[in-house]
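# what's the 3D shape of this:
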Amino acid sequence: MADLLLEALLDRDIDWLVTAGQQQTLDENAVLVHQGEVVNVLYIVLGGQLISAVADDQDSVLGQAFSALSGNANLEHILFPLEGGDVFGEMAVLHSPPSPMVIRTEAASTVLVVPQAQLQTKLIRDREFASRFYRVMATLMLDRYEFLLDKFIYRRGLQLSAIQDGPVIFGELFDSDIDWMINHGSVVHLRPEERLIQSGRPTDTLYVVLRGLLSTSITGGKSAALTQIFSQFTSGGQSEEYPGREVARSSRGEVVGETTLIDSRLSKFSVSAINPSTLLAIPRRDLFIKLQQDAGMATRFYRVLTILLSARLNSFINRLGYGKASYQVGQSLSPDVHYEDELDLDLIDHLTVGGARFEWMLKRLKVDQS
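The predicted structure is shown next:
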């Protein structure tokens, strides 16, 4: 991550972060962020060693059962390490739910603490800084998401939650952004079981699902991906089918292939159509050039990616804890608890606009929804 900061941010960006932030020294075994805590600052690790972890939810049946089987009433799952150059606290600029994990030190550490208000003001006033910052955060979210998938995805019963991308994406973007997507994209149609993205291959297209249903599966790490690729040499150029494990489904308004906007890494997922589907395909090369030329659009796109990947990462971590703070019939509501299925009234208007923009896209593309 330290390399990512130095490669993606300019010297003046780093100088601003150093000037705006304050150094904080932490002793060994100090808790920086508690699980369920609202985070309102950005942390940059300057030195030392920290870890992130999630505790099993002892109020859930699955959490109690897993703890009983393991013989550990305080069971927690170590997620990923945080070392020099790592960043945490993206929820401070995304208005995200409370942290799904605890962050604590394993050795004496030093962090740079950047206040939320100053960072948000900088992101609004400096679009070029914002585009670079959000791209760093999106890359970080993707790296952690893929790391946890490799580590935990084959745990029994674990599946990714559906994230309704459409209202979020089209609520964040401008009409001019959507107009550009329509003019530079092409409508493609998939038959049932037709493959859209092959794991172990680079993805060079961003797709928006206009109609239908797609299945996303993971084949289980680099070794499986390599096996699938090299199988072509022994099968006359045709790769063998490795069904993998289905981890998510995507319907209208959602995006697939979004990692193409971050870098050219190989896809960890295979995506296929479940039923007849229609998508808008936007070439990576065209979109990447546009984002380099238009700092405003780049800021909005990378912010959207950060929001989506952060939501998927947090949802995945919540499932690792075998529980979620959702309202149940007969339960007394607490003003101090954030419920996972609670409506954020401040976002309703934003999402309504996003839904309207998506419908406008469908009409422009003349996509039949019947």
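
# all strands for the stretch 251-370 of the chain, in order.
Secondary structure of the stretch 251-370 of the chain (DSSP state E, counting those that start in this stretch): strands at 255-256, 269-273, 277-283.

# elements contacting the longest one?
Contact here means 3 or more C-beta pairs under 8 Å, 6 or more residues apart in numbering; DSSP states H and E; on that basis strand 277-283 packs against helix 175-184, strand 186-190, strand 205-211. C-beta coordinates here come from the backbone N, C-alpha and C atoms, glycine included.

# Provide a list of residues in contact with the residue positioned nearest the centre of the chain.
Nearest residue to the geometric centre of the chain (C-alpha atoms, centre = their mean): residue 309, 0.9 Å. Residue 309 is in contact with 138, 141-142, 145, 258, counting by C-beta atoms under 8 Å, 6 or more residues apart in numbering.

# ok, of the residues you listed, which one's closest to residue 303?
Nearest to residue 303 among these is residue 138, at 8.3 Å by C-beta to C-beta.

# where does the closest one fall, phi/psi-wise?
phi -60, psi -40 (degrees, to the nearest 10).

# In contact with it, which residues?
Residues counted as contacts of residue 138 (C-beta under 8 Å, 6+ apart) are 261-262, 302, 305-306, 309.

# repeat that for 6 Å
For residue 138, the contact set (C-beta atoms under 6 Å, 6 or more residues apart in numbering) comprises 262, 302, 305-306, 309.

# For it, which non-adjacent residue is closest in space?
residue 305 (4.0 Å; C-beta to C-beta, 6 or more residues apart in numbering).

# Ok, residue 140 next?
Spatial nearest neighbour of residue 140, chain neighbours left out: residue 87 (6.0 Å); criterion: C-beta to C-beta, 6+ apart.

# Tell me what that neighbour is bridged to.
Residue 87 has these beta-bridge partners by DSSP bridges: residue 44.

# Where does the prediction get shaky in the stretch 51-200 of the chain?
Residue ranges of the stretch 51-200 of the chain with pLDDT under 70: 56-75, 95-96, 154-165.

# Please enumerate the strands of it.
76-82, 87-88, 102-115, 186-190, 195-197.

# sorry, back to before: how close does the residue nearest to the centre of the chain sit to residue 134?
Counting by C-beta to C-beta, to the nearest Å, the separation of residue 309 from residue 134 is 11 Å.

# swap in residue 86?
From residue 86 across to residue 134, the span is 17 Å (C-beta to C-beta).

# Residue 120 now?
Going from residue 120 to residue 134 by C-beta to C-beta gives 12 Å.

# check contacts around the closest residue to residue 127 other than its chain neighbours.
Distances taken as C-beta to C-beta, 6+ apart put residue 295 closest to residue 127, at 4.3 Å, once the chain neighbours are dropped. By C-beta under 6 Å, 6+ apart, residue 295 lies in contact with 127-128, 131.

# what about residue 36, which SS state?
Three-state call for residue 36 (DSSP: H, G, I helix; E, B strand; the rest coil): coil.

# Helices along the stretch 251-370 of the chain, start to end?
Applying DSSP state H, counting those that start in this stretch to the stretch 251-370 of the chain gives helices spanning 284-293, 295-320, 345-365.

# Specify the stretch among those that is closest to residue 99.
Going by C-beta to C-beta, the one of these nearest residue 99 is helix 295-320, 8.3 Å.

# Flag every buried residue along that closest one.
Residues of helix 295-320 classed as buried: 295, 297-320 (neighbour count, 16 or more other C-beta atoms under 10 Å).

# Equivalent analysis for stretch 249-266, please.
Judged by neighbour count using 16+ other C-beta under 10 Å, the buried positions of stretch 249-266 are 250-262.

# Let me have those in JSON lines, extended by pLDDT and distance to residue 109.
Below are these laid out as JSON lines (pLDDT from 0 to 100; distance: C-beta to C-beta, whole Å):
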{"residue": "250", "pLDDT": "88", "distance to residue 109": "39"}
{"residue": "251", "pLDDT": "88", "distance to residue 109": "43"}
{"residue": "252", "pLDDT": "88", "distance to residue 109": "45"}
{"residue": "253", "pLDDT": "87", "distance to residue 109": "42"}
{"residue": "254", "pLDDT": "88", "distance to residue 109": "38"}
{"residue": "255", "pLDDT": "88", "distance to residue 109": "36"}
{"residue": "256", "pLDDT": "89", "distance to residue 109": "38"}
{"residue": "257", "pLDDT": "88", "distance to residue 109": "37"}
{"residue": "258", "pLDDT": "83", "distance to residue 109": "32"}
{"residue": "259", "pLDDT": "79", "distance to residue 109": "30"}
{"residue": "260", "pLDDT": "77", "distance to residue 109": "35"}
{"residue": "261", "pLDDT": "77", "distance to residue 109": "32"}
{"residue": "262", "pLDDT": "82", "distance to residue 109": "28"}
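
# coming back round to it: between residue 120 and residue 134, which has more neighbouring residues?
Using other C-beta atoms under 10 Å, the more surrounded residue of residue 120 and residue 134 is residue 134, with 24 against 14.

# got a list of what the more buried one touches?
Contacts for residue 134 (C-beta under 6 Å, 6+ apart) come out as 302-303, 306.
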